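Undergrad: Give me coordinates for this.
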Amino acid sequence: MNKKIKVLALIWDMGNGGAQQVVVNNLRYFKEDADIDYKVVSFCPPNGSKNDIVIMNEELNVEYVGYPKSIVKIPIIRYPFNKRVERLTWEKIIRREKPDVVHVHISELLLTTLGPIVKCDVPVRFDTLHSNPYRYKGRALRCVRRAFQKEGFIPICLNDKQVREAKDHYGISKYEIVRNGFDFSKIKGQIVSKKEARKRLGISDDDFVLVGVGRLDPIKNYELMIDVFSEVLKVRSDAKLVIAGGGDTQPYVDRAKAYEIEDGVVFLGHITNVTDVYCAADVLLMTSHSEASPLTLVEAQVCGTRCVVSNGVPEESVITNLVSRMLQDSSASDWADVVINGGYHVEPRLSERDYDLSNANDKIKQLYIDYWKKTNE
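TA: Residues are numbered from 1 along each chain as shown. Sure, this is the predicted structure:
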């Protein structure tokens, strides 16, 4: 190539979510790449997440903007002024960096980045759909549709299910598919025996352990997980529910208290080595209303953990014969029966190879190069 392509990836923060993990993977891959100059801009400052720590320790190319806000303090009018500051901040950064390619992560960020990207006339524009398209409504939906239908953004979908949803909800006709990539050798290198994992987490060898992994967000539907656990306890008095993920635990503590089962629920908060949780589990529960491409499910299967998941989880995330997928109208009692006795078995749609990290990174690099070349033909 005659020049190094400058890619600017935009994200709200570098927390512990799946989108942030993808960005960190890209940062590592492109760190010394001969063809791509890759930089990430996070609007929010570091918050001590595992990804912030990795970025600092590995000296990855991330600029933290620091969440600048308007000087307006009156609550009722502060919001629109803050949004204006966000747009002006993004425009200043994009003008300064002069990227050949801009890549937005988390579609809602288009509310404040779309205008600046168009105004600065960035040649190549991508947006990765890290969540279910149906979550966006109102102004956010109109903005995302405009980006894809009128402003030349290429949506990057994580699987075929998401493509169908994006076609329906966003009206896209052009798209690319890049599956989330995993460093399977790293995951496998962290696997320990169930006994050792439980020792590390302070869990009894005799417990029937259900686990939930992921941020404490309404989309994850932890209310249903608590309900399922209460039903499991009616049959398995030795059951324990262990939840690993950051966020406000109080709503779920209150729900457990209402069932008088709070002593059986353990909240670990955010932990660095989640592989221990998978290894300690008898069953992983994923009760989410919807998932785009859940990293947790693939990681758990690699660790050999049996999984029971909701209808909102794409079948393309099933890579082993360890997964049961519940029907949409399944009750908590139905879930408990499958957790204890099995059922609703899902045959693997893909394999580890389809989610290999090197394949995912190679594909995203080729997309940057191919689309940039098209603008210069």
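
Undergrad: Which stretches in the stretch 251-377 of the chain count as helices?
TA: 275-280, 295-302, 332-341, 357-375 (DSSP state H, counting those that start in this stretch).

Undergrad: could you redo these as CSV and give each row mean neighbour count, mean pLDDT and distance to Tyr252?
TA: Just so you know, the C-beta spots here come from the backbone N, C-alpha and C atoms, and that holds for glycine as well. Shown next, in CSV, are the helices of the stretch 251-377 of the chain (neighbours: other Cβ atoms under 10 Å; pLDDT from 0 to 100; distance: least, Cβ to Cβ, whole Å):
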stretch, mean neighbour count, mean pLDDT, distance to Tyr252
helix 275-280, 25, 98, 17
helix 295-302, 23, 95, 17
helix 332-341, 18, 98, 14
helix 357-375, 16, 96, 33
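
Undergrad: Double-check that Leu114 belongs to a helix.
TA: Yes - membership of Leu114 in a helix is supported by DSSP: H, G, I helix; E, B strand; the rest coil.

Undergrad: returning to that earlier point: indicate which one of the helices of the stretch 251-377 of the chain is closest to Val102.
TA: Each of these was scored for nearness to Val102 using Cβ to Cβ, and the closest is helix 357-375 (10.7 Å).

Undergrad: How far does that closest one sit from its chain's centre?
TA: 21 Å (Cα atoms, centre = their mean, to the nearest Å).

Undergrad: try stretch 269-278
TA: On Cα atoms, centre = their mean, the centre of stretch 269-278 falls 16 Å from the chain's centre.

Undergrad: next one: stretch 277-286
TA: 19 Å.

Undergrad: same thing with stretch 88-104?
TA: The answer for stretch 88-104 is 24 Å, by Cα atoms, centre = their mean.

Undergrad: Extract the C-alpha trace of that stretch and format it as CSV.
TA: Output of stretch 88-104 as CSV, limited to C-alpha atoms (Å, rounded to 0.1, in the frame of the first residue of the first chain):
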residue,chain,number,x,y,z
LEU,A,88,-18.7,20.0,19.2
THR,A,89,-16.1,17.8,21.1
TRP,A,90,-16.4,15.0,18.6
GLU,A,91,-16.1,17.5,15.7
LYS,A,92,-13.0,19.0,17.1
ILE,A,93,-11.4,15.5,17.5
ILE,A,94,-12.3,14.3,14.0
ARG,A,95,-11.1,17.5,12.4
ARG,A,96,-7.8,17.2,14.3
GLU,A,97,-7.3,13.5,13.5
LYS,A,98,-8.4,13.6,9.8
PRO,A,99,-9.2,9.9,9.7
ASP,A,100,-9.6,7.9,6.5
VAL,A,101,-12.0,5.6,8.3
VAL,A,102,-14.3,6.2,11.3
HIS,A,103,-15.7,3.3,13.2
VAL,A,104,-18.5,3.9,15.7
